[in-house]
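Visitor: curious how this folds, go ahead:
(one chain, ligands or ions: 2)
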Amino acid sequence: MAARIGFNAIDGTRIEIAILELCRNLIVHAGGGELILEQVHTDNEIGIAIEACDNGPGIEDIDLALRDGYSTKHSLGAGLPGVKRLMDAFTIESTVGVGTRVRVLKWPSRQSTYHSMKAHL
Ligand SMILES: Nc1ncnc2c1ncn2[C@@H]1O[C@H](COP(=O)(O)OP(=O)(O)OP(=O)(O)O)[C@@H](O)[C@H]1O
Ligand SMILES: [Mg+2]
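Guide: Ligands and ions are numbered 1, 2, ... in the order given. Okay, the predicted model is just below:
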């Protein structure tokens with residue numbers, strides 16, 4: 001889907017990682033859930049939205065859950081902060097005892113990371 005929209009291989013990999021981490025969280029922390037992928041549009045761009053929803057236990061402290069290294073399952077605690085860094089927009093809503101919804105957006109990069117790097121010699 002990402003390739004069809006026109007994302008390059010690097011962005012495609014970023015999208016794959018985001019999907020993987022959100023699915024892992026659905027399975028590990030919420031006992032399952034739903035993942036929805038959709039195309040989103042502005043006047044001149046097509047992007048992708050990834051939404052993970054569950055009816056799991058919810059997250060008590062969202063700020064803490066977004067911190068590098070924080071995990072309630074003795075794991076790396078790298079999933080959510082990593083997804084936030086890889087995507088262009090990140091929204092999380094969670095209610096304890098009700099569930100969690102994470103929605104992220106990615107727009108095609110105008111330049112690859114390599115092209116935007118400058119050498120200081
Ligand atoms: N869908 C969810 N439902 C309930 N709690 C969640 C959910 N997703 C994340 N969390 C909570 O947020 C914490 C941080 O999530 P994150 O993905 O960053 O780390 P992790 O899943 O514990 O470890 P890693 O993803 O690095 O293996 C989790 O440990 C868990 O407490
Ligand atoms: Mg995780």
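
Visitor: count of neighbours near the residue lying closest to residue 39 once chain neighbours are set aside?
Guide: Of all residues not flanking residue 39 in the chain, residue 46 sits nearest, at 5.9 Å (Cβ to Cβ, 6 or more residues apart in numbering). Where you see a C-beta, it was placed from the backbone N, CA and C, and this is true even at glycine. Using other Cβ atoms under 10 Å, residue 46 is surrounded by 14 other residues.

Visitor: what bridges to residue 46?
Guide: Beta-bridge partners for residue 46, by DSSP bridges, are residue 41.

Visitor: repeat that for residue 95.
Guide: residue 99.

Visitor: do you know how far it is from ligand 1?
Guide: Between residue 95 and ligand 1 the computed distance is 11 Å (Cβ to the nearest ligand atom, to the nearest Å).

Visitor: ok, now which ones touch the residue of the chain found nearest ligand 1?
Guide: Per Cβ to the nearest ligand atom, residue 79 is where the chain lies closest to ligand 1, at 2.4 Å. With contact set as Cβ atoms under 8 Å, 6 or more residues apart in numbering, residue 79 has these partners: 21-22, 24-25.

Visitor: residue 59 contacts residue 65, doesn't it?
Guide: Yes. Residue 59 is in contact with residue 65 according to Cβ atoms under 8 Å; the separation is 4.9 Å.

Visitor: more neighbours, these two?
Guide: Taking neighbours as other Cβ under 10 Å, residue 59 and residue 65 compare with residue 59 leading, 23 against 20.

Visitor: what about the helix or strand hosting residue 27 and ligand 1, touching?
Guide: Residue 27 belongs to helix 9-30 when assigned by DSSP states H and E. Yes. Judged by Cβ under 6 Å from any ligand atom, helix 9-30 comes into contact with ligand 1 at 21, 24-26, 28-30.

Visitor: need the residues of this protein near ligand 2, please.
Guide: Within the chain, the residues that sit near ligand 2 (Cβ under 5 Å from the ion) are 25, 79.

Visitor: which ones are touching residue 46?
Guide: 5-6, 39-40, 108 are the contacts of residue 46 under Cβ under 8 Å, 6+ apart.
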